[in-house]
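1. Give me a 3D structure for the following:
(one chain, ligands or ions: 2)
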Amino acid sequence: MTPGPAEIFSVDGVRRADRHASGHGRSAWVLMQTAGRSVVDAITARWSPRQTVIFVGPGNNGGDGFVIANGLSDAGWPVRVVRVFPDRNWTGDAHVAAQHWAGPVNGLGPDSLSGAGLIVDAIFGTGLSRSPEGEAAELIAAINACGAPVVAVDIPSGLNGDRGEPQGEAVEADLTVTFHRLRPAHLLQPSRQFCGKIVCADIGIPDHDPPEGDVVARLNHPALWPDWPETGAADTHKHRKGRLAVLSGPAKSTGAARMAAVAGLRAGAGLVTMLTPPGAALVNANHLTEVMIRSFRDVEDFLTGLDAIRATAAVLGPAAGKSDALKQIVIAALSRPLPVVLDGDALSVFCDDPGHLLGHLRDHDVITPHAGEFERLFPGLSGTSLNKIEAARAAADRAGCVVVFKGADSVIAVPGRTPRINTNASPALATAGTGDTLAGLIGGLLAQGAPAFDAASAAVWLHGEAGLRLGSGLIAGELADVMPAIMQDLARRRRIAAVRAALIGG
Ligand SMILES: NC(=O)C1=CN([C@@H]2O[C@H](COP(=O)(O)OP(=O)(O)OC[C@H]3O[C@@H](n4cnc5c(N)ncnc54)[C@H](OP(=O)(O)O)[C@@H]3O)[C@@H](O)[C@H]2O)[C@@H](O)CC1
Ligand SMILES: [K+]
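-> Numbers count the residues shown, from 1 in each chain. Ligands and ions are numbered 1, 2, ... in the order given. Just a heads-up that it's a prediction; the model follows:
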C-alpha cells in the first residue's frame, strides 16, 4: 500500500467531502476528471500500452471509466469500452463524461473479454446498493477468471465501502485506485484481499474539519504515539522504567507466559517478574535469565506478590489455564490501581459470565480478544455491527477499557477516541504464541507509563513490524528478539523527521 492520508472515512464522509469541494470551487465534474486522470497515471506508471477493456456501470463510477478511456486513448492505448447496463441512462457528471467519449460503446457479450491485456473495473463504486446479480455477477466472475490484470476504480465492484465483506460476487483487483481517503473496505478483511495494491489519490478536495463521525478510524502509525516506545533519558535506571508482573500457567504450560515476559522486557520495562504457581517455579527458573521469579500459593499471595514487587502493570492470561482460581486472580488484580492486560485464558474463563469481567475493567486496562474470544465476551456484537471498527468501538464502550480486536486487520479502540486500524500484520504472524508476545509488549509499555491506547497501538505496530522482518517460517519466540532493531530504526527515523521539521521550521 502506498502511504496515504491516515484518516479512514465512511462512504458518506467522502460524499460530504465531495460536496465540501463543490462549495470551494471544485465541481463534481472537475473531481471526476481528476479522479479519472489519477487512475490513468497509476496504470501508465505500471503497465506498457496494451488492449484495455473498460467496463462502465450505470453511476459515477462508470463516469470515471469514460474519463479513463479518454486518458488512455489520448496516451495511445488501444481501449474498448463496454457498457454493463444497456437499459440504464447515465445522468449528471457520468452523462457528461459519456458525452466526452468519442469512441464506440460496446454492449456486453461473449467476446467482451477477448484479447484483454488489462481490465478496468468501473462497474460499481461506493454506490453499490445490493448484491450484483444476473449479467453483472456473471461478468464479475468472468473478469476474475480471465487472467488479465484488473484495475478497480475507487473500489472493486461488489464491495460495500463501509463493510469488511464482499456483497456477493466481487472483483478481485490487482490494483485499486481510490480517491481522497481510504474507506473501511480497503483495510478490513476479507474485503482488503479483493483490492490488491491500493493507491489513494489526492483529487484536490480541500482539507477541512470533517463532521463528527466521518472519520471512522485512523491508520495505526508511529505518528499517533510519538513518545512510545520510550528511548529514555541518559540518567534513567531500571526502577524508572517500570515493573511488569506476568502470571505463569501451571508447570506444563509455562512457555506462553515466558514469551510475554521476555516481550515485556524487550518493550523496555525495567524489571519483569514472573508470578508463578509453586509447581511451575522450577521449569520457569530453568528457562529464564533476566526475568525474576516469585511463587504464589493463592489469590491473597498473588496480590501480596504484586504489591511486593511494586508492579506498575500486569499481564494475565497467556496459557494461564481456565480455572476458578484464574477468575479470582483476574478480579483481584483489577482491584489494584495498576493497568492490567488480559489475554487468552483470562478472557475465555469469563465466557459464561462476561458481564462479571466487564464490570471490573477500568479505562487503563487492555483486553486483546481474537474473533472467537470477542464473540464469547460480546455475544452477537460482531454480527450486528456495520464492520469490525464499529464492533471494536462498541466493545470498548461496553467494557470501558482499551480493546485490541486482533486479526490480520487488528482494530484498537477505546471509549471516546477514534479507533485505530493496523495494517502491517504479516500472514507469518498466524502461528502459535504470537498473541502472547503481543500481550507482553503491551504490558511492557504500560509498565513504563504509556497511556493504554498508545501502549496497545504501539505494541500492535511493533508486533506487525517484527512479523514483516522475520517473514514466513517465523516462530513466536523470535518476535521479541527483533524488537531492538525495530525500535532503533524507529528512533532513527523520528530523529531524522525532527531535524527535518526543525530545519523547515527554522
Ligand atoms: N465522492 C467522490 O469524491 C467522488 C466520486 N467519484 C466516483 O463516484 C462513485 C460513486 O458514484 P455513485 O454514487 O453514482 O455510485 P456507483 O457505484 O457508480 O453506481 C451507483 C449506480 O449503480 C446502481 N447499482 C448499485 N448496486 C447495483 C446492483 N447490485 N445491481 C445493479 N445496479 C446497481 C445504482 O442503482 P440503484 O441502486 O439506484 O438502483 C446506481 O445507478 C465513486 O465510487 C467514484 O468512482 C469520482 O467521480 C470523483 C469523486
Ligand atoms: K469499481
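2. Pull the residues that contact the worst-scoring helix or strand of the chain on mean pLDDT.
-> Lowest by mean pLDDT, DSSP states H and E among the helices and strands of the chain is helix 11-23, with a mean of 88. Outside helix 11-23, the residues that touch it by CB atoms under 8 Å, 6 or more residues apart in numbering are 9, 28, 31, 126, 160-162, 179-181, 183, 204-206, 208, 210-211, 213-216. No exception for glycine: its C-beta is placed from N, CA and C like everyone else's.
3. Which stretches in the stretch 301-450 of the chain count as strands?
-> Counting by DSSP state E, counting those that start in this stretch, the stretch 301-450 of the chain has these strands, from start to end: 313-316, 340-342, 366-367, 402-405, 411-413, 420-421.
4. show me the contacts for residue 39.
-> 64, 67-68, 71, 120, 151, 153, 177, 201.
5. One more pass at 6 Å, please.
-> 68, 153, 177 (CB atoms under 6 Å, 6 or more residues apart in numbering).
6. Not counting the lengthiest helix in the chain itself, show me its contacts.
-> Using DSSP state H to define each element, the chain has its longest helix at helix 483-505. With contact meaning CB under 6 Å, 6+ apart, helix 483-505 is reached by 222, 229, 231, 266, 462, 465.
7. of these, buried ones?
-> For the contacts of helix 483-505, a burial check counting by 16 or more other CB atoms under 10 Å picks out 222, 229, 266, 462, 465.
8. for those, which one is nearest residue 445?
-> Distance to residue 445 across the buried ones among the contacts of helix 483-505 (CB to CB) is lowest for residue 229, with 6.4 Å.
9. is it true that that closest one lies in a strand?
-> No: assessed with DSSP: H, G, I helix; E, B strand; the rest coil, residue 229 is coil; it does not lie in a strand.
10. right, and it touches residue 264 too?
-> No: using CB atoms under 6 Å as the test, residue 229 is too far from residue 264 to be in contact (11.8 Å).
11. show me the contacts for residue 410.
-> With CB under 6 Å, 6+ apart, residue 410 has these contacts: 422, 460.
12. could you measure it against residue 127, distance?
-> Distance check for residue 410 against residue 127: by CB to CB, to the nearest Å, it reads 30 Å.
13. do residue 103 as well
-> 25 Å.
14. neighbour-wise, which of these two wins?
-> The neighbour count for residue 103 versus residue 127, taken as other CB atoms under 10 Å, is higher for residue 127 (15 against 12).
15. Looking at the stretch 201-350 of the chain, what residue ends up closest to ligand 1?
-> residue 203 (6.0 Å; CB to the nearest ligand atom).
16. Quick check on that residue: phi, psi?
-> For residue 203, the backbone dihedrals (degrees, to the nearest 10) come out as phi -110, psi 20.
17. Identify the residue nearest it in space, chain neighbours excluded?
-> residue 34 (4.2 Å; CB to CB, 6 or more residues apart in numbering).
18. The one you found: helix or strand, and which one exactly?
-> Using DSSP states H and E, residue 34 falls within helix 28-46.
19. can you give me the angle that helix makes with helix 11-23?
-> 110 degrees (axes from the mean of the first three to the mean of the last three CA atoms, to 10 degrees).
20. what about helix 28-46 and ligand 2, any contact?
-> No: residues of helix 28-46 are not located near ligand 2 by CB under 5 Å from the ion, the shortest gap being 10.2 Å.
21. any idea how far the following helix or strand past that helix is from the chain center?
-> For helix 28-46, the following helix or strand on the C-terminal side (DSSP H and E) is strand 52-56. Using CA atoms, centre = their mean, to the nearest Å, the mean C-alpha position of strand 52-56 is found 31 Å from that of the whole chain.
22. Keeping just the C-alphas, turn strand 52-56 into CSV.
-> Only the C-alpha atoms of strand 52-56 are listed here, as CSV (Å, rounded to 0.1, in the frame of the first residue of the first chain):
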residue,chain,number,x,y,z
THR,A,52,-7.6,-2.4,-22.3
VAL,A,53,-11.2,-3.2,-21.7
ILE,A,54,-13.1,-0.7,-19.6
PHE,A,55,-16.4,-1.9,-18.1
VAL,A,56,-18.6,1.0,-17.3
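23. same for that strand, what does it pack against?
-> When contacts are defined as 3 or more CB pairs under 6 Å, 6 or more residues apart in numbering; DSSP states H and E, strand 52-56 packs onto helix 60-74, strand 79-83, strand 118-122.
24. Partner strands of that strand and their direction?
-> Here strand 52-56 is paired, per DSSP bridges, with strand 79-83 (parallel), strand 118-122 (parallel).
25. could you give me the average pLDDT of that strand?
-> Strand 52-56 shows an average pLDDT of 98 in the prediction.
26. does ligand 1 sit close to it?
-> No: judged by CB under 6 Å from any ligand atom, strand 52-56 makes no contact with ligand 1; its nearest approach is 9.3 Å.
27. Next one: that strand, is it in contact with ligand 2?
-> No: Strand 52-56 does not reach ligand 2 (CB under 5 Å from the ion); its nearest approach is 8.6 Å.
28. just to revisit the earlier point, in PyMOL, select just the buried ones from the contacts of helix 11-23.
-> With 16+ other CB under 10 Å as the criterion, this PyMOL line picks the buried residues out of the contacts of helix 11-23:
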select buried, resi 9+28+31+126+160+161+162+179+180+181+183+205+210+214+215+216
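29. about what we covered before: of the strands paired with strand 52-56, flag the one that's most buried.
-> strand 118-122 (a mean of 28; mean count of other CB atoms under 10 Å).
30. For that strand, which outside residues touch it?
-> So strand 118-122 is contacted by 47, 50, 52-54, 56, 61-62, 64-65, 68, 143, 148-153, 157, 171 (CB under 6 Å, 6+ apart).
31. hmm, it in reach of ligand 2?
-> Yes: Strand 118-122 lies within reach of ligand 2 by CB under 5 Å from the ion, at residue 121.
32. How about that strand and ligand 1, any contact?
-> No: Strand 118-122 does not reach ligand 1 (CB under 6 Å from any ligand atom); its nearest approach is 7.2 Å.
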